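Undergrad: sequence? don't have it. structure:
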C-alpha cells in the first residue's frame with residue numbers, strides 16, 4: 001500500500017472521530033440547555049406561611065383591695081367597760097367575746113323582777129284554781145294572769161339589754177387596734193375597734209365602657225403588686241349594672257382567696273384582664289390578594305405548583321387582611337411575582353415569611 005493511501009485512510013478516520021465527538025458534545029449541550037430552560041420556567045416567588053393569628057384582648061388597670069367583710073365594733077348601749085378580752089391584731093372567731101360592759105344594774109333589776117315573777121306565778125295558780133271552782137270571776141283571774149305576763153315581758157326586755165353588755169365578734173376575721181381601755185365609758189357613737197375578714201379579699205377596679213359587655217362572673221384576672229413578684233389569680237364576682245356616666249367606666253368586683261393574709265386591704269394592685277380569645281382567625285399580607293369581579297383570590301403552592309383559591313375577607317389592618325374561608329394554617333401563600341403566576345405554574349420558593 002502506498003504512503004498516499006495510508007495518509008488518506010488516517011485522515012478519514014480522524015474526520016470520523018471528529019464528527020462523532022462533535023455530535024456527542026452537541027447532544028450534551030442540548031441536554032444542558034433543555035434542563036436549564038426547565039429550571040428557568042419555574043417562577044421565583046416569596047411566600048407567607050399561613051398561621052393562626054387569633055387576637056386576645058388584654059387590658060391593665062388599677063384596683064384596690066378590700067376586705068370581704070369589714071365593720072366597726074361599737075356598743076349598742078352606754079355603759080362602762082369592765083373587761084377587754086380581745087388581743088389586738090389577732091384573728092378571732094365568730095361569736096368570740098371582745099368587750100364586757102357593766103351589767104350590775106341590769107342583773108339587780110332582773111333579780112328583783114324574778115322574785116316578783118315567782119309571787120305572781122303562785123298567785124296566778126291560786127286564782128286559776130278558784131276560777132275552776134267558780135270562786136272568782138274571770139276578770140279577777142285575768143288581772144292575775146296579766147300581772148305575771150307583764151313581769152315576764154320586763155324580764156325578757158332586760159335580758160336583751162343584758163346580752164348587749166357582751167360585745168362579740170359578728171364574724172370571723174382579724175381584729176384591729178382598740179380605742180378604749182377598761183373602765184372607759186362607751187356609747188353607741190364611739191368605735192371600739194375594727195374587724196375585717198381578710199381571708200377573702202375583694203378587688204374593686206374599673207374597665208372602659210367598650211369592654212363592659214365582656215365582663216362576666218367567673219372571668220379570671222391576674223393581680224400583682226409593686227412590692228412583690230408574686231402574681232395572684234382572682235375571679236370576677238359581680239359588676240355594677242350600669243356604666244358610670246361621668247367616667248364612662250364599669251365598676252367590677254373580683255374575689256381573691258388570701259388564706260395566709262399576705263395581702264392587706266387598702267393596697268393598690270395592678271389588674272390584668274384577658275377579656276376574650278376570638279375564634280381562630282387568619283390574617284395574611286394584603287399584597288397576596290388578587291381582586292376580580294367575583295371578589296378576591298389568592299395563589300397557594302401545592303406540590304410545587306400554583307393553585308388559585310377564591311377567598312372571603314373580613315377585617316383589615318394597615319398591612320393585613322382577615323381571611324374567613326378557603327385558607328387554613330399551614331398553607332403556603334404566594335405574595336410576590338403575582339402578575340406572572342398562572343394556575344398550574346411551576347413555583348420556585350425564594351423566601352418564606
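TA: Ah, there it is. Note that the structure is a prediction, hence the values are computed from the model and not measured. Residues are numbered from 1 along each chain as shown.

Undergrad: identify the spatial nearest neighbour of residue 116, chain neighbours not counted.
TA: Among residues not flanking residue 116 along the chain, residue 151 sits closest, at 5.4 Å (Cβ to Cβ, 6 or more residues apart in numbering). Using the backbone N, CA and C atoms, a C-beta is placed for each residue, glycine as well.

Undergrad: can you give the distance from the host helix or strand of that neighbour to the centre of its chain?
TA: Assigned by DSSP states H and E, residue 151 belongs to helix 138-163. Helix 138-163 sits 59 Å away from the centroid of its parent chain (Cα atoms, centre = their mean, to the nearest Å).

Undergrad: what packs against the very next helix or strand once past it?
TA: Downstream of helix 138-163, the first helix or strand assigned by DSSP H and E is strand 166-168. Counting contacts by 3 or more Cβ pairs under 8 Å, 6 or more residues apart in numbering; DSSP states H and E, strand 166-168 is packed against strand 97-101.

Undergrad: now the angle between helix 138-163 and the strand it packs on, please.
TA: Interaxial angle, strand 97-101 versus helix 138-163 (axes from the mean of the first three to the mean of the last three Cα atoms, to 10 degrees): 120 degrees.

Undergrad: wait, residue 336 touches residue 285, no?
TA: No - taking contacts as Cβ atoms under 8 Å, residue 336 lies outside contact range of residue 285: 9.9 Å.

Undergrad: who has more neighbours, the two?
TA: Neighbour tally, residue 336 and residue 285, criterion other Cβ atoms under 10 Å: the higher count belongs to residue 336, 18 against 15.

Undergrad: give me the distance between that one and residue 52.
TA: Going from residue 336 to residue 52 by Cβ to Cβ, to the nearest Å gives 23 Å.

Undergrad: any stretches of this protein with poor pLDDT?
TA: Along the chain, segments meeting pLDDT under 70 span 1-8, 10-13, 15, 17-18, 20, 22, 24-25, 27-40, 55-56, 276-280.

Undergrad: how about the strands in the stretch 201-350 of the chain?
TA: Using DSSP state E, counting those that start in this stretch, the strands of the stretch 201-350 of the chain run over residues 220-225, 228-239, 249-257, 268-277, 282-285, 290-292, 295-302, 305-316, 320-325, 332-334, 347-352.

Undergrad: got a list of contacts for the fifth one?
TA: It refers to strand 282-285. 48, 50-53, 298, 317, 319-323, 327-329, 333, 335, 353 (Cβ atoms under 8 Å, 6 or more residues apart in numbering).

Undergrad: equivalent analysis for the last one, please.
TA: Taking Cβ under 8 Å, 6+ apart as the criterion, the residues outside strand 347-352 that touch it are 42-49, 301, 304-306, 332, 334, 341.

Undergrad: just among the residues you listed, which is most surrounded?
TA: Neighbour max across these (other Cβ under 10 Å) = residue 334, 25 neighbours.

Undergrad: enumerate every residue touching residue 212.
TA: By Cβ under 8 Å, 6+ apart, residue 212 lies in contact with 239, 243, 250.

Undergrad: who wins for neighbours among those?
TA: residue 250 (21 neighbours).

Undergrad: give the bridge partners for that one, please.
TA: residue 207 (DSSP bridges).

Undergrad: ok, it - contacts?
TA: So residue 250 contacts 206, 207, 208, 209, 211, 212, 215, 239, 240, 243, 244 (Cβ under 8 Å, 6+ apart).

Undergrad: wait, doesn't the fourth one sit right on residue 243?
TA: Yes - between residue 209 and residue 243 a contact is recorded at 4.6 Å, counting by Cβ under 8 Å.

Undergrad: pull up the overlap in contacts between the two.
TA: Shared contacts of residue 209 and residue 243, counting by Cβ under 8 Å, 6+ apart, come down to 249, 250.

Undergrad: how close does the most centrally placed residue in the chain sit to residue 244?
TA: With distances taken as Cα atoms, centre = their mean, residue 220 lies nearest the centre of the chain, 1.8 Å away. For residue 220, the distance to residue 244 (Cβ to Cβ) stands at 24 Å.
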